[in-house]
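# next comes the sequence, and after it the predicted model I'd like to discuss.
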Amino acid sequence: MLMTAALIMLSVSLNAQTKTDTIKVYGECGMCKSRIQKTLKIDGITTADWNTETKMLVVAYEVSKITNDDIQKKIAAVGHDTEKYSADDKVYEKLPGCCHYERKTTEKKSEKSKR
Ligand SMILES: [Cu+2]
């Protein structure tokens, strides 16, 4: 009985083929939010919502079309560091002033001013 239930649940999740991940994405303001979410308006991504307060991105995607890594790479490509990838310095510099969030790499240096 338990086996059957487990198998049914497994097949349901396989059929749906979507996964929801929460990823840390460095950013600052509402413009960052729209930039990040616009970047993720692509085939394979069902929903993407970045929270300006928590800097957490909740993304639902079809596992057959895109991976968590791909998603993070795409975000880094438009200037936002993610928990796994860092944006190119040049791309970051081109962001509007209000979007100049604290870089992931400089986090240690600014640890004191945070408190
Ligand atoms: Cu911004």
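Sure, I can see it.
# going by C-alpha atoms from here, please, whenever you check contacts or count neighbours.
OK.
# what about residue 53, which SS state?
Reduced to three states with DSSP: H, G, I helix; E, B strand; the rest coil, the structure at residue 53 is coil.
# typed the wrong thing, it's residue 5
Three-state secondary structure (criterion: three-state DSSP) places residue 5 in helix.
# pull the contacting residues for the residue of the chain found nearest the ion.
Per Cα to the ion, the residue of the chain with the smallest distance to the ion is residue 99, at 3.2 Å. For residue 99, the residues meeting the contact criterion (Cα atoms under 8 Å, 6 or more residues apart in numbering) are 27, 28, 29, 31, 32.
# what about the last one, how many neighbours?
Under the neighbour criterion other Cα atoms under 10 Å, residue 32 is assigned a count of 25.
# that one - that's part of a helix, no?
Yes: when the secondary structure is assigned by three-state DSSP, residue 32 falls within a helix.
# now it, nearest residue through space, not along the chain?
Beyond its immediate neighbours in the sequence, the residue positioned closest to residue 32 (Cα to Cα, 6 or more residues apart in numbering) is residue 99, lying 6.2 Å away.
# same question for residue 22.
Leaving out its chain neighbours, the residue that sits closest to residue 22 by Cα to Cα, 6+ apart is residue 58, at 4.5 Å.
# does the one you found count as helix, strand or coil?
At residue 58 the chain is in strand, as set by three-state DSSP.
# what about the contacts of residue 99, which one has the most neighbours?
For the contacts of residue 99, counting by other Cα under 10 Å, the largest number of neighbours falls to residue 27: 28 neighbours.
# so that residue is in which element?
Under DSSP states H and E, no helix or strand contains residue 27.
# interface residues of this protein facing the ion?
Those residues of the chain that sit near the ion, judged by Cα under 5 Å from the ion, are 28, 29, 31, 32, 99.
# in CSV, list those residues along with pLDDT.
Listed next are the residues of the chain next to the ion as CSV, based on pLDDT from 0 to 100:
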residue, pLDDT
28, 97
29, 97
31, 98
32, 98
99, 97
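# of all those, which two lie farthest apart?
Across the residues of the chain next to the ion, the two members that end up farthest from each other (Cα to Cα) are 28 and 31, 8.0 Å apart.
# point out where this protein drops to low pLDDT.
Counting by pLDDT under 70, the chain contains low-confidence residues at 1, 8-16, 105-115.
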